[in-house]
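[1] need coordinates for the below:
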Amino acid sequence: MTAASPAGLVWLALDGVGHPADAPPESVWDQDLPTLRPLVDAGLALDTTLGVPGLPQSGTGQSCWLTGQDAVRYMGEHFGPHPGPTLQRLLRAAGLPGRLTAAGGRAALVNSYVPEYFAAQARRPRAGCFPYAFGAAGLPLNPPGFPLIPATLGLSYAEPWTPVRDLAELSRLGEALGLAAHGADLLVADLWFGDLLGHRGRVPTPPEVLAACRAYLARVDALLEGILQAGPRVVLGSDHGNLENLNVKAHTLARVPFAGVGIDLGGAADIVQAGRALANGLGLSPLAAP
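    Take a look at the predicted model:
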C-alpha cells in the first residue's frame with residue numbers, strides 16, 4: 001500500500017437501488033431510515049447510463065465501480081447480470097481487489113456464500129463481478145477471520161421473505177464488520193438481494209413485495225448503523241436503479257447514491273468517476289483507459 005492510503009474502509013455495494021430523489025411517491029425510501037437516509041441525502045446522485053441507450057445492467061455497472069473505467073463503452077453496451085469474457089478481462093486488468101492486493105493492501109469480500117452457491121458454480125460458472133474480481137486477485141470467498149454478511153440481510157430467500165434475523169442482530173453484525181475493518185484496507189459487502197427483490201415490482205405492487213423491499217432497506221440501515229458505531233471509513237453506492245421504483249419489474253434509469261464517511265467523493269457525476277474516487281481513497285493511482 002502507498003503511505004497516503006489510510007486503512008479501514010467498508011464498502012456497501014448495493015445492487016439495484018436508485019437514489020430517493022428519483023423514486024416515485026410512497027417508495028421503499030418513504031420510511032424511517034435514521035442512519036441510511038441522512039448519509040444518502042448528504043452524498044451524491046450518480047448517472048448510470050453513461051450516455052449509452054438502454055437500461056443499465058449489473059455486469060457493466062459493477063465493473064465501472066470496480067475498475068474506474070467506462071465498462072459500458074468497453075463492452076459496447078449495457079450488459080449483465082454476470083460478466084462475460086470481455087468484462088472479465090477488464091476486471092482482471094483493472095479490478096480494485098487485484099490492484100489493492102498488488103500494492104500490498106489487504107482486502108476481503110465479506111459475503112457469506114452457502115454450499116449451494118459453490119455447487120451451482122461447479123455446474124455452471126457464472127460468478128458476479130464482485131466474486132469474480134476477488135477470485136481473480138487470488139482472494140477466497142468466505143474469508144476466515146471476518147464476520148460474514150448474508151446477502152438477504154436476515155430475510156428468508158423465498159417469498160414472502162420473512163425475517164429470520166432481527167434488526168438488532170444486523171446492527172451487531174455491522175459493528176463486528178466495522179471493527180474488523182480496522183485490520184484491513186478494504187472490506188466489501190456485495191448486497192445483491194435488493195436487485196432480486198426489485199424485479200418483483202409491478203402495477204399494482206403486491207403489499208408483500210413492498211413490505212419485503214422496505215424491510216430489506218431497513219436492514220441496510222441497521223447494518224450501516226452498526227458499522228459506523230465501530231468507526232471505520234464507509235462508502236456506499238449502487239450499480240443501477242430498480243428497488244426504488246416497484247411500479248416496474250425492470251431496471252430503471254434512476255441515478256444511484258454515492259455517499260460515505262471519511263472518504264472524499266471527489267464531486268463524482270457518474271459511476272465511472274465514483275470508481276476512480278474509491279480507488280483514490282485507497283491510495284491507488286489512476287489507471288489509463290484500456
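
[2] I'd assumed Asn142 was in contact with Tyr113.
    Yes - proximity of Tyr113 to Asn142 meets the contact threshold set by Cβ atoms under 8 Å, at 5.4 Å. Placement of C-beta: from N, CA and C, glycine included.

[3] what about the helices in this protein?
    Ranges of helices within the chain are 36-42, 58-67, 71-75, 85-94, 96-102, 115-123, 129-136, 167-181, 193-198, 207-230, 271-281, based on DSSP state H.

[4] nearest to Glu26, of those?
    Closest approach to Glu26 among those is made by helix 207-230 (8.4 Å; Cβ to Cβ).

[5] which helices and strands does the closest one pack with?
    strand 9-14, helix 36-42, helix 167-181, helix 193-198, strand 233-238 (3 or more Cβ pairs under 8 Å, 6 or more residues apart in numbering; DSSP states H and E).

[6] got the angle between it and strand 9-14?
    Angle, helix 207-230 to strand 9-14, by axes from the mean of the first three to the mean of the last three Cα atoms, to 10 degrees: 170 degrees.

[7] ok, which of the helices and strands packed on helix 207-230 comes nearest Ala211?
    Nearest of the helices and strands packed on helix 207-230 (Cβ to Cβ): helix 193-198, 10.5 Å.

[8] so which other helices or strands are in contact with that closest one?
    Using 3+ Cβ pairs under 8 Å, 6+ apart: helix 193-198 touches helix 207-230.

[9] per-residue confidence averaged over the helix it packs on?
    For helix 207-230, the mean pLDDT works out to 97.

[10] same question for stretch 275-282.
    So the average pLDDT for stretch 275-282 ends up being 96.

[11] show me what it is in contact with.
    1, 5, 9, 11, 64-69, 96, 99-100, 105, 185-186, 233, 235, 237, 258, 260, 263-266, 268, 286-287 (Cβ atoms under 8 Å, 6 or more residues apart in numbering).

[12] over to stretch 202-221?
    With Cβ under 8 Å, 6+ apart, stretch 202-221 has contacts from 12, 14, 17, 28-29, 31, 33-37, 152-155, 159-161, 163, 167, 170, 191, 193-194, 197-198, 200-201, 243, 246-249.

[13] pull out the buried members of those residues.
    Buried subset of the contacts of stretch 202-221 (neighbour count, 16 or more other Cβ atoms under 10 Å): 12, 14, 17, 28-29, 33, 35-37, 152-155, 161, 163, 167, 170, 191, 193-194, 197-198, 200-201, 243, 246, 248.

[14] low pLDDT regions in this structure?
    1-7 (pLDDT under 70).

[15] from Ala137, how far out is the nearest residue to Ala136 once chain neighbours are set aside?
    Excluding its sequence neighbours, the residue lying closest to Ala136 (Cβ to Cβ, 6 or more residues apart in numbering) is Arg92, at 4.8 Å. The gap separating Arg92 from Ala137 is 9 Å, by Cβ to Cβ, to the nearest Å.

[16] Leu246 too?
    36 Å.

[17] likewise for Tyr117?
    19 Å.

[18] pick out whichever of those two has more residues nearby.
    Taking other Cβ atoms under 10 Å, Tyr117 and Ala137 do not tie; Ala137 has more neighbours (19 against 16).
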